[in-house]
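[1] All I have is the shape, not the residue letters:
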């Protein structure tokens with residue numbers, strides 16, 4: 001794929017993300033994407049064959065961007081505690097964000113495609129676990145964190161975050177509630193320097 005084609009595909013993904021954020025998953029049609037991108041129907045189908053394919057590509061792109069940012073930070077000079085703080089701040093923003101959030105689209109897709117949801121949701125979840133395991137192991141190596149089971153801790157963190165995502169969409173969640181849970185996460189890893 002040439003540079004121009006890659007740029008067009010990225011533009012379609014960025015625009016589709018905005019449409020999914022605005023309308024969820026079940027209410028989006030390929031026509032909506034065509035109109036939002038201001039391209040021909042054939043131009044869209046050259047890159048993506050369905051709204052499902054588009055949503056999955058948007059989620060994959062988001063996961064890769066997050067993995068790249070945190071992998072670079074882990075390999076760089078930032079401390080593990082600083083990177084964890086950055087990660088948790090981003091999660092908090094996402095949890096409290098009422099707009100520009102893909103959570104509803106993801107859950108609509110998952111419930112509409114129960115046979116496929118495990119694969120997509122699991123992939124997204126496992127990507128988060130992978131990043132957290134690297135981060136926790138880096139913190140252990142630098143002496144910032146204490147953790148006997150980095151993978152278990154990473155799963156625990158992801159389960160807490162996923163639960164808060166569901167609550168944010170169903171019952172609502174306050175900043176104080178998010179802060180309390182994130183403090184438990186941090187307190188469970190940091191070595192007490194007193």
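    Structure received. None of the values given here were measured: they were computed from a predicted structure.
[2] C-terminal to the longest helix anywhere in the chain, what's the next element?
    Among the elements of type helix in the chain, defined by DSSP state H, the one spanning the most residues is helix 114-142. Next along the chain after helix 114-142, taking DSSP states H and E as the criterion, comes helix 150-170.
[3] elements contacting that next one?
    Packed against helix 150-170 by the contact rule (3 or more Cβ pairs under 8 Å, 6 or more residues apart in numbering; DSSP states H and E) you find helix 80-96, helix 103-112, helix 114-142, helix 175-189. All C-beta atoms are positioned from the backbone trio N, CA, C, and that covers glycine.
[4] so residue 41 touches residue 34, yeah?
    Yes - using Cβ atoms under 8 Å, residue 41 makes contact with residue 34 at a distance of 5.3 Å.
[5] neighbour-wise, which of these two wins?
    For residue 41 and residue 34, the more surrounded residue by other Cβ atoms under 10 Å is residue 34, and the numbers stand at 17 against 11.
[6] Now that one: which helix or strand?
    helix 30-37.
[7] Contacts for that helix, please.
    The contact list for helix 30-37, computed with Cβ atoms under 8 Å, 6 or more residues apart in numbering, reads 11-12, 15-16, 18-19, 23, 40-41, 43-45, 48, 50-51, 54.
[8] Excluding sequence neighbours, find me the nearest residue to residue 57.
    With sequence-adjacent residues excluded and distances taken as Cβ to Cβ, 6 or more residues apart in numbering, residue 57 is closest to residue 13, at 5.8 Å.
[9] how would you label the one you found: helix, strand or coil?
    Taking DSSP: H, G, I helix; E, B strand; the rest coil as the rule, one finds residue 13 in the helix state.
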